[in-house]
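> Quick one: sequence plus predicted model below, questions after.
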Amino acid sequence: MIEELIQKAKILQSALPYIRKFYGKTFVVKYGGSAMLEESLRESFAKDVLLLRYTGIKVVVVHGGGPQISAALEKFGIKSTFVGGLRKTDQETMHVVEMVLSGDINKDIVALINKHSGEQIYAVGLSGRDGNLIRAKKLNKEEYFREIGLEVPREDIGFVGEVLSVNTHLLQALMDNGYIPVIAPVGVGEDGQAYNINADIVASEVARYTKAEKLLFLTDTEGIKDKDGKTISSLSREEAYRLISEGTIKGGMIPKVKSALRALQEGVGKVHIVDGRIPHSILLEIFTEEGVGTEIVNQRSMD
Ligand SMILES: NC(=[NH2+])NCCC[C@H](N)C(=O)O
């Protein structure tokens, strides 16, 4: 019996090098996919985020919500139209996007975390319109589609936005006082207009502006795969670019990985792509040497 307990103590102790290294650092977590939909995964996500925060890591959560938006639009009898992977967002659609993202999903995640939070730490929900957190403008369609190698569509895609800046002052003030900011990927235009922004890109920009130690994407894949479909454990920035140009990383993954690479280049320590379908994958990635997903680093160590 005591042997088992000692074994447990050893497991806890093996986290010390990482706790020491990441104490006081900022981690930005993009939360989406199954980890957001399935009840038991939701619970373990909330507890893992709290464990990180209670060990002294400042955590920011950015969530998505594509499937829920589509479901709500259908309920209201509004047709979902996608142009090159982007949701065409007219004023009416934007209204529903904001209801679902900033209203429904955001508050659900906040409540989920706060259910387990104890008395020291609390999650606080924000949309990019709160405190002008995410200033945005209409997406530069030409640039966006050229970057992913698709023909630029003629059609107007409405209020789909791109990030101009992030109010880090607000985030720091919250994090320094023990709060966990939970961000809905809605930006605010100069005239107060709401913009619908890809959550992966918002997460990358938040990481870049806060000079985060880590940017973690919880996805429904095992990680980035090589040509043979094998998950790559560690990738350098160069190698990631090569996988894009070879066509191994493709489609909607390109703007995500590219914005993540830009974050890396501008001071973010590491980017991790983690399988959100595995319970506690965040803890496994952060507190073990081998991790469970793909890490992207500026330079790979020569071991
Ligand atoms: N996919 C991987 N190779 N992950 C390694 C993670 C190493 C360490 N836990 C970190 O967070 O930096």
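Noted; the coordinates are in hand. Numbers count the residues shown, from 1 in each chain.
> quick one: residue 228 from residue 248, how far?
10 Å (C-beta to C-beta, to the nearest Å). Where C-beta positions appear, they are placed from N, C-alpha and C, glycine not excepted.
> Those two: which has the busier surroundings?
Higher neighbour count among residue 228 and residue 248: residue 248, with 17 against 6, using other C-beta atoms under 10 Å.
> Spell out which residues of this protein are next to the ligand.
18, 233, 234, 270, 285, 286, 288, 289, 291, 293, 294, 295 (C-beta under 6 Å from any ligand atom).
> Narrow the residues you listed to those in helices?
18, 285, 286 (DSSP state H).
> could these go into JSON lines alongside pLDDT and neighbour count?
Below are these laid out as JSON lines (pLDDT from 0 to 100; neighbours: other C-beta atoms under 10 Å):
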{"residue": "18", "pLDDT": "98", "neighbour count": "16"}
{"residue": "285", "pLDDT": "98", "neighbour count": "24"}
{"residue": "286", "pLDDT": "98", "neighbour count": "24"}
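> Relative to residue 276, which of the residues you listed is nearest.
Nearest to residue 276, judged by C-beta to C-beta, of those is residue 285 at 10.9 Å.
> Excluding chain neighbours, give the residue nearest to that closest one in space.
residue 291 (4.4 Å; C-beta to C-beta, 6 or more residues apart in numbering).
> How many residues are close by that neighbour?
17.
> Wait, it touches residue 223, no?
No - the criterion here is C-beta atoms under 8 Å, and residue 291 misses it with residue 223 at 9.2 Å.
> Now for these two: what residues contact both?
residue 233 (C-beta atoms under 8 Å, 6 or more residues apart in numbering).
> Need the phi and psi values for the residue of the stretch 51-200 of the chain at minimum distance from the ligand.
Closest contact between the stretch 51-200 of the chain and the ligand, by C-beta to the nearest ligand atom, is at residue 57 (10.8 Å). Torsion angles at residue 57 (phi, psi; degrees, to the nearest 10) stand at phi -90, psi 130.
> can you pull the pLDDT of it?
Looking at residue 57, its pLDDT stands at 98.
> Name the residues of stretch 230-239 that are buried.
Within stretch 230-239, the residues that count as buried by 16 or more other C-beta atoms under 10 Å are 232, 235, 236, 237, 239.
> who's in contact with residue 270?
Counted by C-beta under 8 Å, 6+ apart, residue 270 has contacts 213, 214, 215, 264, 295, 296, 297.
> which secondary structure elements does the top helix by length along the chain contact?
Longest helix in the chain by number of residues, with DSSP H as the criterion: helix 39-54. Other elements packing on helix 39-54 under the criterion 3 or more C-beta pairs under 8 Å, 6 or more residues apart in numbering; DSSP states H and E are strand 26-31, helix 34-37, strand 58-63, helix 106-115, strand 179-184, helix 281-287.
> Apart from its chain neighbours, what residue comes closest to the residue of the stretch 1-150 of the chain at minimum distance from the ligand?
Closest to the ligand within the stretch 1-150 of the chain is residue 18: 5.6 Å, counting by C-beta to the nearest ligand atom. If the residues on either side of it in the chain are set aside, residue 18 comes closest to residue 287, at 5.0 Å by C-beta to C-beta, 6+ apart.
> quick one, what contacts that neighbour?
Here residue 287 is in contact with 14, 15, 18, 19 (C-beta under 8 Å, 6+ apart).
> ok, of those residues, which come out buried?
By 16+ other C-beta under 10 Å, those give 15, 18 as buried.
> Doesn't residue 71 belong to a helix?
Yes - checked against DSSP: H, G, I helix; E, B strand; the rest coil, residue 71 lies within a helix.
> any idea how far it lies from residue 143?
31 Å.
> what's the answer for residue 60, then?
Residue 60 is 26 Å from residue 143, by C-beta to C-beta.
> Understood, closing this out.
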